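Engineer: What follows is a protein structure lacking sequence information:
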Ligand SMILES: [Zn+2]
């Protein structure tokens, strides 16, 4: 008979979360079952605790694998008001080489993304880097489909970046 891995209780109930059947302990609330589904739920909880949308959080984490990078804000955009998605990035004094590497990764990632992503730089109490999609049209013509499509790219960017930052050309 199945027992809770956390407290040993036999009071397991079936819980359907994110479309996957998991076991929840009736005594201590521990969840067990499909490891990928558990990891996704953990990540979602972590994102919520830090105030990030689960859509942007994997990319935030990938960027912060780089010691000179610090994400200060990130948004998946707003479909209702046509606000485009963005990530605000602060870079330490010695981090310009890492920005160059980020642009190299982005160049490759842009072959898989639905929209072309760019890094802009602006002055806001020091340099602020903004990672965002470019829509190639006047702002007033950006529609909610543009925003929706750009949202798909967060996962692609996160996957490529978290892979690249561990490669030798990024570390050298
Ligand atoms: Zn338990």
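Structural biologist: Looks like it arrived, so ask away. Values in this document were obtained by computation on a predicted structure and should not be read as measured data. Residues are numbered from 1 along each chain as shown.
Engineer: Endpoint to endpoint, stretch 41-61 covers what distance?
Structural biologist: Stretch 41-61 has an end-to-end distance of 15 Å (CA to CA, to the nearest Å).
Engineer: so how far is it from its chain's centroid?
Structural biologist: Its chain's average C-alpha position is 7 Å from that of stretch 41-61, according to CA atoms, centre = their mean, to the nearest Å.
Engineer: who's in contact with it?
Structural biologist: The contact list for stretch 41-61 (CB atoms under 8 Å, 6 or more residues apart in numbering) reads 17-18, 31, 71, 74-76, 85, 87, 151, 154-155, 157-159, 161-162. To be clear about C-beta, it is placed using only N, CA and C from the backbone, and glycine gets the same treatment.
Engineer: Just the pLDDT at residue 1, thanks.
Structural biologist: Model confidence at residue 1, given as pLDDT, is 68.
Engineer: Sorry, wrong one. I was asking about residue 83.
Structural biologist: pLDDT, read off for residue 83, is 87.
Engineer: cool, residue 29 as well?
Structural biologist: 92.
Engineer: Phi, psi for it please.
Structural biologist: phi 70, psi 0 (degrees, to the nearest 10).
Engineer: For the residue lying closest to residue 34 once chain neighbours are set aside, what are phi and psi?
Structural biologist: Spatially, and ignoring its direct neighbours in sequence, residue 34 is nearest to residue 20 (5.2 Å; CB to CB, 6 or more residues apart in numbering). With angles defined as degrees, to the nearest 10, residue 20 sits at phi -120, psi 140.
Engineer: Tell me what residue 20 is bridged to.
Structural biologist: Residue 20 has these beta-bridge partners by DSSP bridges: residue 17.
Engineer: ok, it to residue 40 distance?
Structural biologist: Counting by CB to CB, to the nearest Å, the gap from residue 20 to residue 40 is 9 Å.
Engineer: Now do stretch 158-168: everything it contacts.
Structural biologist: Taking CB under 8 Å, 6+ apart as the rule, stretch 158-168 contacts 58-59, 61-63, 65-66, 101-102, 105, 108-109, 112, 170-171.
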